[in-house]
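1. take this sequence and fold it.
(one chain, ligands or ions: 1)
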Amino acid sequence: MSSTSSPANKATLKAGLSVKGVSKEFQSRGRTVQALDDIALSLPAGKVGVLLGPSGCGKSTLLRMVAGLEQPSAGSIRLNDRIVDQPGRDRGMVFQDYTSFPWLSVRENVAYGLKINGDRNALNEGTVDYFIRAVGLEKFAEAYPHQLSGGMRQRVAIARTLANYPELLLMDEPFGALDPETRWQMQDLLLDVVRKERTTVLVVSHDIEEALYLGDTVFFLSRHPGRLKETIGTGFKAALPPGDREAFLQSDDYRRLELHIRRLMRDEGRQAA
Ligand SMILES: Nc1ncnc2c1ncn2[C@@H]1O[C@H](COP(=O)(O)OP(=O)(O)OP(=O)(O)O)[C@@H](O)[C@H]1O
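-> Take a look at the predicted model:
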């Protein structure tokens, strides 16, 4: 990980993300499916929020609405005091399946978003090289995606998205397809980069450990319809050595919260049954 500072720390602290009274209904085979009901949450700028909950509780739907890819049936979403009603450059999205272009090198992949957004300096090396270094791929800058592992391809996707300096980084189970060791590395790398850039991040996860490790706040959703059941803060991490996974996993607070969320999950499962 490079200690070089970012060429343009554009993500200055602002109002953050605000979701108010958001509901979402889908029409499916002549029936109305209520995916989300009256969701209200806020995520301060520069913080990491995690959407956690049982399968089908509406995590991806909420993330897609924040991305502007879906419209709420009711309620409103604001990012840094601007209404979100369509996709925009202020938000960047990373999906589980590695969305790099196979015919472009790592460097060209990272520069791609900047080029289509009309940033003439994209190939001036600065921003592109900075983010390639930030995700530890400097030795692979000229390699093509098929020459990289899954974790490395996901690093390309993260570098490409961050190179656009999104005010909000949206991630839908970004590390779900990775082996446990790579997953840990990627979580640390993500925290390192977004803390340095002060990017606000909203992540969808299925995994309790990941949610508590990444999140400053964990939003637990219940299902049918998806409602915000609990907002869980992870302030206990401030007292732990940064990046020390063992200290985190062994802390009483982690164990207590992990058990608590496991119970929330189990209750959801019982209700579904
Ligand atoms: N385009 C759509 N049309 C109809 N129903 C939909 C659509 N998209 C999502 N749904 C429904 O909305 C609900 C929430 O789905 P969503 O994918 O957001 O949940 P999720 O929590 O992300 O699930 P998972 O963890 O399994 O990915 C589900 O009942 C799903 O079937």
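
2. quick one: the helices in the stretch 1-150 of the chain?
-> Along the stretch 1-150 of the chain, the segments classed as helices by DSSP state H, counting those that start in this stretch run 59-67, 106-116, 126-134, 150-162.

3. among those helices, which is the most enclosed?
-> Comparing these by mean neighbour count (mean count of other CB atoms under 10 Å), helix 150-162 ranks first with a mean of 24. Just so you know, the C-beta spots here come from the backbone N, C-alpha and C atoms, and that holds for glycine as well.

4. and that helix, C-alpha only, in CSV?
-> Below are the C-alpha coordinates for helix 150-162, written out as CSV (Å, rounded to 0.1, in the frame of the first residue of the first chain):
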residue,chain,number,x,y,z
GLY,A,150,-10.4,-12.8,-8.8
GLY,A,151,-9.3,-10.7,-5.9
MET,A,152,-7.0,-8.7,-8.2
ARG,A,153,-9.7,-8.2,-10.7
GLN,A,154,-11.9,-6.9,-7.9
ARG,A,155,-9.1,-4.5,-7.0
VAL,A,156,-9.1,-3.2,-10.6
ALA,A,157,-12.9,-2.5,-10.3
ILE,A,158,-12.4,-0.7,-7.0
ALA,A,159,-9.5,1.4,-8.3
ARG,A,160,-11.5,2.3,-11.4
THR,A,161,-14.5,3.4,-9.4
LEU,A,162,-12.4,5.3,-6.8
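
5. relative to the whole chain's centre, how far out is that helix?
-> Offset of helix 150-162 from its chain centre (CA atoms, centre = their mean, to the nearest Å): 13 Å.

6. which of the helices of the stretch 1-150 of the chain has the lowest average pLDDT?
-> Mean pLDDT values for the helices of the stretch 1-150 of the chain show the minimum at helix 106-116, a mean of 82.

7. what does that helix contact?
-> Applying CB atoms under 8 Å, 6 or more residues apart in numbering, the contact partners of helix 106-116 are 92, 100-101, 104, 121-123, 127-128, 131-132, 137, 140-145, 148, 156, 159-161, 163-164.

8. mind checking which of the helices of the stretch 1-150 of the chain is nearest the ligand?
-> The ligand lies closest to helix 59-67 among these, at 3.3 Å (CB to the nearest ligand atom).

9. quick one: contacts of that closest one?
-> 17, 19, 22, 24, 35-36, 39, 51-53, 70-72, 77, 79, 84, 87, 91, 93, 168, 170, 172, 202, 204, 221, 226.

10. now which of those residues would you call buried?
-> Among the contacts of helix 59-67, those buried by neighbour count (16 or more other CB atoms under 10 Å) are 17, 19, 22, 24, 35-36, 39, 51-53, 70, 72, 77, 79, 84, 91, 93, 168, 170, 172, 202, 204, 221, 226.

11. among these, which ones lie close to the ligand?
-> Residues of the buried ones among the contacts of helix 59-67 in contact with the ligand (CB under 6 Å from any ligand atom): Ala35.

12. what about the buried ones among the contacts of helix 59-67, which are in strands?
-> The strands, defined by DSSP state E, take in 17, 19, 22, 24, 35-36, 39, 51-52, 77, 79, 91, 93, 168, 170, 172, 202, 204, 221 from the buried ones among the contacts of helix 59-67.

13. looking at the chain, which helix is longest?
-> Ranked by residue count and defined by DSSP state H, the top helix of the chain is helix 252-272.

14. buried stuff in that helix?
-> Tyr254, Leu257, Ile261, Leu264, Met265, Glu268.

15. wait, the third one touches Gly215, no?
-> No - taking CB atoms under 8 Å as the definition, Ile261 is not a contact partner of Gly215, at 11.1 Å.

16. skip the chain neighbours and tell me the closest residue to Glu209.
-> In space, and not counting its chain neighbours, Glu209 is closest to Glu258: 6.9 Å by CB to CB, 6 or more residues apart in numbering.

17. now do the same for that neighbour: its pLDDT.
-> With respect to pLDDT, Glu258 has a value of 97.

18. residues touching it, list them.
-> When contacts are counted by CB under 8 Å, 6+ apart, Glu258 touches Ile208, Glu209, Leu212.

19. among the residues you listed, which ones are in strands?
-> Counting by DSSP E, no part of these is found in strands.

20. of the residues you listed - the most surrounded one?
-> Among these, the one with the most neighbours (other CB atoms under 10 Å) is Leu212, at 23 neighbours.
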